[in-house]
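*Asks:* what follows is a predicted protein model with its sequence.
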Amino acid sequence: MIKLRGWEALLIIGMILSVIGVSLIHFAAHPHVPIFIVIILIIGYGLLKRVPWPALEEGMIKGVKSGIVPIMIFMLIGVLIAVWMASGTIPTLIAYSFQIVSTDYFLPSAFIATAIMGISVGSAFTTVSTIGVAFMAVGTILGIPMAMVAGAVISGSLVGDKLSPLSDTTNLASSVAKTDLFEHIRHMLWVGIPAFAISLILFIIIGRTNTTVNPESMEEMLTSLQEAAIVHPFALLPAVCIIVMAIMKKSAIPTMILGIVVGIATSIILRGDIMIADWMNLIQNGYMSGAANEEIANILDRGGIQSMMWAVSLLLLTLSMGGLLSVLGVIENLIQSIQGAVKTTGRLVLSTVFTGIGINASLGEQYMSIILTGEAFEKRYKEMGFSGKHLSKVLESGGTVINPLLPYGVSGVFMSSVLGVPVLSYLPFALFCLLCPLITIVYGFTGVSFSKNK
């Protein structure tokens, strides 16, 4: 790692955000292109600074290496969705959602349901790829804008991801800040409860004023769904297995594999046939329902390894960019510069939140936003009389909730790929994600929930 001047680090970050921002907003480009351009520019700058090529190459390798597990999870979820379509798990969730969800208040219903699911399983990815997909399908049938539904689903899944003791980011934040897990969760309620309440009120208002529900077509669509796919209580067995594995705190990959295996077994039992060639094609290319109804076909025909390759390729580019920034020491340099300006509680919280957001924007990686920010500010929080629970709360509120709002962030790539809605489209409706950092900053400047140690 080389030593950059402060203005050089700012120049690189400014260049990254400018290229990505202009490309996405002005030219409506796929995020792959600006990230690829940025990688070339960073390599060029590194060579100008006489950084050896092997060092730059090693940085990219280390960056990509850190994303092997997320890449495997992405592909497994692609397979999971395809298998659960074939087994009837997701179609059954869709059918049952009609009966338990209010059509007049669909957005708040989806928000509450995904929040409960998220707290139960502790994973935003699992919540979005299972019940989230079902709500997207129901929203399509009801004629509700997909960006709104995606915003409600993502907001609800993040509620669970931030407040569940089973969540990996929740455990990571408490570990980095060296505080008890349940003390961290109790302190997160200061942010989580108001953010949840405000989001719920806004979803009620948005849902009532901007949606056009057509109840007459619902029965027809439900009939078409039952004709095109399996709808049976037994088809929910794979979902039950996933929930049980999550409660038992099993790792994501074994949990996904079990869900896939049980899904295949369920499909074989309910359909009564075993076509190995068809299953291989389904795993690669996704489920094809053959439904005569075009809307139902668009809902059911999805999943497979191939469907996640767009996300995987973007993730590889983003992680490579992050590895190059680490070699050049850009993030470390900026954090050191920020710490010097921290004099008050408000500035401390604001700096921590912005650092988490900046690392997300620079690296596209939520875990590093917790680790690097936590390590950088841990000493300063202690010096100013705060305990680990205060730091862990800010790390969660200002770091991980931002990642789904970045078109090239790991979570943003995943959410947009699974739900089929661009990040910039659902961003205004991901209310919980937008509110958490704002509430935390307000707390910092008012002193609410930031009582110092005696």
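*Replies:* Noted; the coordinates are in hand.
*Asks:* count of residues packed around M15?
*Replies:* Per other Cβ atoms under 10 Å, the neighbour tally for M15 reads 15. To be clear about C-beta, it is placed using only N, CA and C from the backbone, and glycine gets the same treatment.
*Asks:* can you pull the contacts of it?
*Replies:* 38, 41 (Cβ atoms under 8 Å, 6 or more residues apart in numbering).
*Asks:* repeat for A311
*Replies:* 74, 413-414, 416-417.
*Asks:* neighbours of T318, how many?
*Replies:* Neighbour count of T318, defined by other Cβ under 10 Å: 28.
*Asks:* by neighbours, which of the contacts of A311 wins?
*Replies:* Counting neighbours by other Cβ under 10 Å, V413 comes out on top of the contacts of A311 with 27 neighbours.
*Asks:* surely that residue touches L315?
*Replies:* Yes. Assessed by Cβ atoms under 8 Å, V413 is found in contact with L315 at 5.9 Å.
*Asks:* out of the contacts of A311, who's nearest W7?
*Replies:* Nearest to W7 among the contacts of A311 is V413, at 31.2 Å by Cβ to Cβ.
*Asks:* enumerate every residue touching the closest one.
*Replies:* Here V413 is in contact with 31, 311, 314-315, 318, 407 (Cβ under 8 Å, 6+ apart).
*Asks:* show me those residues that map onto helices.
*Replies:* Among the contacts of V413, the members found in helices (DSSP state H) are 311, 314-315, 318.
*Asks:* I figured G304 hits N285, correct?
*Replies:* Yes. G304 is within contact range of N285, at 4.8 Å (criterion: Cβ under 8 Å).
*Asks:* neighbour-wise, which of these two wins?
*Replies:* Remark: of G304 and N285, G304 carries more neighbours, 23 against 15, as counted by other Cβ under 10 Å.
*Asks:* which one is that one nearest to, not counting chain neighbours?
*Replies:* What sits nearest to G304 in space, not counting adjacent residues and going by Cβ to Cβ, 6 or more residues apart in numbering, is G286, at 3.2 Å.
*Asks:* using CSV, write down the CA coordinates of the helix or strand hosting A9.
*Replies:* Assigning secondary structure by DSSP states H and E places A9 in helix 6-21. Only the C-alpha atoms of helix 6-21 are listed here, as CSV (Å, rounded to 0.1, in the frame of the first residue of the first chain):
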residue,chain,number,x,y,z
GLY,A,6,-5.2,13.8,1.1
TRP,A,7,-6.1,15.7,-2.1
GLU,A,8,-5.1,12.7,-4.2
ALA,A,9,-7.5,10.4,-2.2
LEU,A,10,-10.3,13.0,-2.6
LEU,A,11,-9.5,13.2,-6.4
ILE,A,12,-9.8,9.5,-6.9
ILE,A,13,-13.1,9.3,-4.9
GLY,A,14,-14.4,12.3,-6.8
MET,A,15,-13.5,10.7,-10.1
ILE,A,16,-15.2,7.4,-9.2
LEU,A,17,-18.4,9.0,-8.1
SER,A,18,-18.4,11.4,-11.1
VAL,A,19,-17.9,8.7,-13.7
ILE,A,20,-20.5,6.4,-12.1
GLY,A,21,-23.0,9.1,-11.5
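*Asks:* only C-alpha atoms, please: export the helix or strand following that helix in CSV.
*Replies:* Going down the chain from helix 6-21, the next helix or strand is helix 32-48, by DSSP H and E. Output of helix 32-48 as CSV, limited to C-alpha atoms (Å, rounded to 0.1, in the frame of the first residue of the first chain):
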residue,chain,number,x,y,z
HIS,A,32,-20.8,-2.5,-15.5
VAL,A,33,-19.5,0.1,-17.9
PRO,A,34,-18.6,2.9,-15.5
ILE,A,35,-17.1,0.5,-13.0
PHE,A,36,-15.0,-1.0,-15.8
ILE,A,37,-13.9,2.5,-16.9
VAL,A,38,-13.1,3.4,-13.3
ILE,A,39,-10.9,0.3,-12.9
ILE,A,40,-8.9,1.3,-16.0
LEU,A,41,-8.4,4.8,-14.6
ILE,A,42,-7.3,3.6,-11.2
ILE,A,43,-4.8,1.2,-12.7
GLY,A,44,-3.5,4.0,-14.9
TYR,A,45,-3.1,6.3,-11.8
GLY,A,46,-1.4,3.5,-9.9
LEU,A,47,1.1,3.0,-12.7
LEU,A,48,1.8,6.8,-12.8
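*Asks:* what is helix 32-48 packed up against?
*Replies:* Contacts defined by 3 or more Cβ pairs under 8 Å, 6 or more residues apart in numbering; DSSP states H and E place helix 32-48 against helix 6-21, helix 53-65, helix 309-328.
*Asks:* now with 6 Å, please.
*Replies:* Applying 3 or more Cβ pairs under 6 Å, 6 or more residues apart in numbering; DSSP states H and E, we find helix 32-48 packed against helix 6-21, helix 309-328.
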